[in-house]
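# Pasting a predicted model and its sequence here:
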Amino acid sequence: MATPFPFVASTVLTAAQLNSIGEAATSFTPTWTNYTRGNGTTIAYYTQVNKLVYIYVRETLGSTSSVTGALRMTLPIAAVRQQSVSLALCNLNDTGTTAFVGLVQSLSTTQVDFRAINAAATYALQANTSSTVPFTWTNTDFFEAGWVYESV
Amino acid sequence: MTYDEYVALCKAENPPPLYAHVNGVEIELTPEEYEDAVDHWATMRVEQDGGDE
């Protein structure tokens, strides 16, 4: 159900509207640029209370999945603004080997990037992912993040 | 390996039908999605080898 906010004076508040505040998260299928799911596995959902959206995404590569550039996802609900500060940390996971720390970066009101962190410099830098950044992506590797943002 | 060799390898190891799993639901890839997945996977592997498609 769509968020019931804002309530208007004199309007009868329904049980459905009240229940929607605490309703179950909504599953969605993320749309990616530079990631092809193939036979991969996706877990993705969001839940919205008023203007706040909590979103969680995990993409696990299958034997035909591919990362071919900067991981870019379209948000299921548009954000109120693009912001330069990172939204959250993300896990770029070379399964069984290394869990790399990355960043979820706001790209626009409708898209975010999952970025790696280049630790080679004196000060850590954001870096676009690629087929080999931050590691060589293969079957069973995954990337994952959950964060809160303000919707329109 | 070349792009074409990776395409052949991918198809040999992953013959259709192929399934994605989205939020617990098994979804069969369409022929177009299958070809896209193979194409992108082969492209990725060539890049990982440091070569050009």
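Nice, I can see it.

# How are the helices of chain A distributed by residue range?
Using DSSP state H, the helices found in chain A span residues A:15-21.

# Find the closest residue to chain B in it.
With CB to the nearest CB, the shortest gap between chain A and chain B falls at residue A:38, namely 3.5 Å. Bear in mind the C-beta positions are built from the backbone N, C-alpha and C, glycine included.

# Check what pLDDT that residue gets.
pLDDT recorded at residue A:38 is 97.

# Now the phi/psi pair for it, please.
Dihedral pair for residue A:38: phi 50, psi -130, per degrees, to the nearest 10.

# For the chain, which residue occupies the most central location?
Since you didn't name a chain, this refers to chain A. The centre of chain A sits closest to residue A:57, judged by CA atoms, centre = their mean, with a distance of 5.1 Å.

# Chain B, not that one
Closest to where the C-alpha atoms of chain B average out (CA atoms, centre = their mean) is residue B:38, at 2.3 Å.

# From residue A:5, how far off is that residue?
According to CB to CB, to the nearest Å, residue B:38 stands 46 Å off from residue A:5.

# now whichever residue of chain B sits closest to chain A, nearest residue through space, not along the chain?
Using CB to the nearest CB, the closest approach of chain B to chain A is made by residue B:37 at 3.5 Å. The shortest distance from residue B:37 to any non-neighbouring residue, by CB to CB, 6 or more residues apart in numbering or on different chains, is to residue A:38 (3.5 Å).

# count of neighbours near the one you found?
Neighbour count for residue A:38, taken as other CB atoms under 10 Å in any protein chain shown: 25.

# wait, doesn't it sit right on residue B:20?
Yes - counting by CB atoms under 8 Å, residue A:38 does reach residue B:20; the two are 6.9 Å apart.

# Residues that sit against both of the two, list them.
Common neighbours of residue A:38 and residue B:20 (criterion: CB atoms under 8 Å, 6 or more residues apart in numbering or on different chains): A:62, B:29.

# ranges for the helices of chain B?
Using DSSP H, helices in chain B cover B:3-13, B:31-48.
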